[in-house]
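S.K.: here is a sequence with its predicted model. Questions after.
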Amino acid sequence: MENQNEYNVEEIFSKVLRAGRRTYFFDVRETKAGDYYLTITESKKFTNEDGTFYYKKHKIYLYKEDFDDFNSSLNETFDFIIEKKGKEVISDKHDKDFESKKKDETSKEDTKDKDAKKSDDVDTSKDFADVDFENDDTE
(Lines give C-alpha, C1' and ligand atoms only; values in the text may rest on other atoms or scores of the structure.)
Protein backbone atom coordinates (compact mmCIF):
# COMPACT_ATOMS: atom_id res chain seq x y z
CA MET A 1 0.00 0.00 0.00
CA GLU A 2 1.32 3.42 -0.93
CA ASN A 3 2.09 5.94 1.80
CA GLN A 4 -0.55 8.67 1.52
CA ASN A 5 1.70 11.28 3.17
CA GLU A 6 4.23 10.86 0.39
CA TYR A 7 3.95 13.75 -2.09
CA ASN A 8 4.62 12.39 -5.57
CA VAL A 9 5.30 15.24 -7.99
CA GLU A 10 4.69 14.22 -11.59
CA GLU A 11 6.57 15.97 -14.35
CA ILE A 12 4.23 17.49 -16.92
CA PHE A 13 6.92 18.50 -19.42
CA SER A 14 10.69 18.02 -19.45
CA LYS A 15 13.69 19.16 -21.51
CA VAL A 16 17.31 18.09 -21.05
CA LEU A 17 20.39 20.08 -22.05
CA ARG A 18 23.73 18.27 -21.88
CA ALA A 19 26.77 20.52 -21.65
CA GLY A 20 30.03 18.68 -20.95
CA ARG A 21 30.07 17.38 -17.38
CA ARG A 22 26.91 19.34 -16.64
CA THR A 23 23.35 18.43 -17.47
CA TYR A 24 20.48 20.88 -17.12
CA PHE A 25 16.93 19.66 -16.58
CA PHE A 26 13.97 21.94 -17.22
CA ASP A 27 10.92 20.30 -15.65
CA VAL A 28 7.34 21.57 -15.49
CA ARG A 29 5.54 20.33 -12.40
CA GLU A 30 2.19 20.87 -10.80
CA THR A 31 1.55 22.53 -7.45
CA LYS A 32 -0.92 21.09 -4.95
CA ALA A 33 -3.33 23.81 -6.09
CA GLY A 34 -3.09 22.58 -9.69
CA ASP A 35 -0.93 25.38 -11.14
CA TYR A 36 2.36 24.79 -12.97
CA TYR A 37 5.89 25.83 -11.99
CA LEU A 38 9.35 25.25 -13.40
CA THR A 39 12.31 23.52 -11.78
CA ILE A 40 15.73 24.06 -13.31
CA THR A 41 18.24 21.49 -12.11
CA GLU A 42 21.96 21.58 -12.76
CA SER A 43 23.54 18.16 -12.33
CA LYS A 44 27.32 17.95 -12.42
CA LYS A 45 29.22 14.67 -12.63
CA PHE A 46 32.31 14.13 -10.46
CA THR A 47 34.68 11.16 -10.34
CA ASN A 48 36.13 9.71 -7.15
CA GLU A 49 39.76 8.55 -7.00
CA ASP A 50 38.60 4.92 -7.17
CA GLY A 51 36.85 5.54 -10.51
CA THR A 52 33.30 5.66 -9.18
CA PHE A 53 31.30 8.78 -9.83
CA TYR A 54 28.69 10.90 -8.14
CA TYR A 55 26.52 13.88 -9.00
CA LYS A 56 26.05 17.24 -7.33
CA LYS A 57 22.70 18.87 -8.01
CA HIS A 58 21.45 22.42 -7.65
CA LYS A 59 17.81 23.39 -8.15
CA ILE A 60 15.92 26.57 -8.86
CA TYR A 61 12.15 26.67 -8.42
CA LEU A 62 10.50 29.26 -10.62
CA TYR A 63 6.83 30.16 -10.30
CA LYS A 64 4.68 31.86 -12.95
CA GLU A 65 4.46 35.14 -11.06
CA ASP A 66 8.25 35.47 -11.39
CA PHE A 67 8.60 34.46 -15.07
CA ASP A 68 8.61 37.98 -16.54
CA ASP A 69 11.11 39.45 -14.07
CA PHE A 70 13.31 36.34 -14.21
CA ASN A 71 13.29 36.33 -18.02
CA SER A 72 14.07 40.05 -18.14
CA SER A 73 16.98 39.72 -15.68
CA LEU A 74 18.31 36.65 -17.46
CA ASN A 75 18.23 38.36 -20.87
CA GLU A 76 19.84 41.50 -19.44
CA THR A 77 22.62 39.36 -17.99
CA PHE A 78 23.12 37.49 -21.28
CA ASP A 79 23.29 40.80 -23.16
CA PHE A 80 25.87 42.15 -20.70
CA ILE A 81 28.12 39.09 -21.11
CA ILE A 82 27.89 39.11 -24.90
CA GLU A 83 28.49 42.88 -25.03
CA LYS A 84 31.58 42.62 -22.81
CA LYS A 85 33.07 39.31 -24.01
CA GLY A 86 31.33 38.45 -27.29
CA LYS A 87 29.78 35.12 -28.26
CA GLU A 88 33.08 33.34 -28.83
CA VAL A 89 33.85 30.74 -26.18
CA ILE A 90 37.23 31.65 -24.72
CA SER A 91 38.00 28.19 -23.44
CA ASP A 92 36.17 25.05 -24.47
CA LYS A 93 37.80 23.20 -21.62
CA HIS A 94 38.24 24.73 -18.20
CA ASP A 95 41.84 24.42 -17.09
CA LYS A 96 41.99 24.39 -13.28
CA ASP A 97 45.66 25.45 -13.40
CA PHE A 98 45.09 28.28 -15.88
CA GLU A 99 46.00 31.06 -13.42
CA SER A 100 49.09 29.27 -12.08
CA LYS A 101 50.26 28.47 -15.65
CA LYS A 102 49.67 32.08 -16.60
CA LYS A 103 51.82 33.19 -13.63
CA ASP A 104 54.52 30.65 -14.59
CA GLU A 105 54.58 31.95 -18.17
CA THR A 106 54.79 35.55 -16.95
CA SER A 107 57.58 34.54 -14.56
CA LYS A 108 59.48 32.80 -17.40
CA GLU A 109 59.09 35.87 -19.62
CA ASP A 110 60.36 38.10 -16.81
CA THR A 111 63.38 35.80 -16.35
CA LYS A 112 64.10 35.88 -20.10
CA ASP A 113 63.88 39.68 -20.06
CA LYS A 114 66.25 39.87 -17.08
CA ASP A 115 68.69 37.44 -18.74
CA ALA A 116 68.58 39.48 -21.94
CA LYS A 117 69.31 42.65 -19.98
CA LYS A 118 72.22 40.93 -18.20
CA SER A 119 73.74 39.79 -21.51
CA ASP A 120 73.41 43.34 -22.81
CA ASP A 121 75.39 44.55 -19.79
CA VAL A 122 78.30 42.14 -20.37
CA ASP A 123 81.56 43.80 -21.46
CA THR A 124 82.50 42.13 -24.74
CA SER A 125 85.48 44.38 -25.39
CA LYS A 126 87.94 41.97 -23.72
CA ASP A 127 89.94 39.64 -25.97
CA PHE A 128 89.52 35.91 -25.55
CA ALA A 129 92.18 33.37 -26.42
CA ASP A 130 91.29 30.60 -28.86
CA VAL A 131 91.86 27.19 -27.32
CA ASP A 132 92.14 24.05 -29.44
CA PHE A 133 91.40 20.93 -27.39
CA GLU A 134 91.57 18.47 -30.29
CA ASN A 135 95.29 18.76 -31.01
CA ASP A 136 97.04 17.64 -27.87
CA ASP A 137 100.83 17.81 -28.48
CA THR A 138 101.83 16.52 -25.03
CA GLU A 139 102.30 12.89 -26.12
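M.R.: In hand now; what should we look at?
S.K.: pLDDT-wise, which helix or strand of this protein ranks last?
M.R.: helix 98-121 (a mean of 60; mean pLDDT, DSSP states H and E).
S.K.: residue 60 belongs to a strand?
M.R.: Yes. Read with DSSP: H, G, I helix; E, B strand; the rest coil, residue 60 is one of the residues of a strand.
S.K.: thought it was touching residue 26?
M.R.: No. The criterion here is C-beta atoms under 8 Å, and residue 60 misses it with residue 26 at 10.1 Å. Every C-beta, even on glycine, is put in place using the N, C-alpha and C of the backbone.
S.K.: between these two, which is the more surrounded one?
M.R.: residue 26 (14 against 10; other C-beta atoms under 10 Å).
S.K.: ok, now which ones touch that one?
M.R.: Residue 26 is in contact with 14-17, 38-40, counting by C-beta atoms under 8 Å, 6 or more residues apart in numbering.
S.K.: what subset of those is buried?
M.R.: 38-39 (16 or more other C-beta atoms under 10 Å).
S.K.: residue 44: neighbour count?
M.R.: 14.
S.K.: report all helices and strands that the helix or strand harbouring it contacts.
M.R.: If you go by DSSP states H and E, residue 44 is part of strand 36-47. Applying 3 or more C-beta pairs under 8 Å, 6 or more residues apart in numbering; DSSP states H and E, we find strand 36-47 packed against strand 22-30, strand 53-63.
S.K.: which residues sit against it?
M.R.: Under C-beta under 8 Å, 6+ apart, the answer for strand 36-47 is 12, 21-31, 53-64.
S.K.: hang on, the earlier thing: most tightly surrounded among the helices and strands packed on strand 36-47?
M.R.: Highest mean neighbour count among those (mean count of other C-beta atoms under 10 Å): strand 22-30, with a mean of 14.
S.K.: tell me the angle of that strand relative to strand 53-63?
M.R.: Angle, strand 22-30 to strand 53-63, by axes from the mean of the first three to the mean of the last three C-alpha atoms, to 10 degrees: 40 degrees.
S.K.: strand partners of strand 22-30, parallel vs antiparallel please.
M.R.: If you go by DSSP bridges, strand 22-30 pairs up with strand 11-19 (antiparallel), strand 36-47 (antiparallel).
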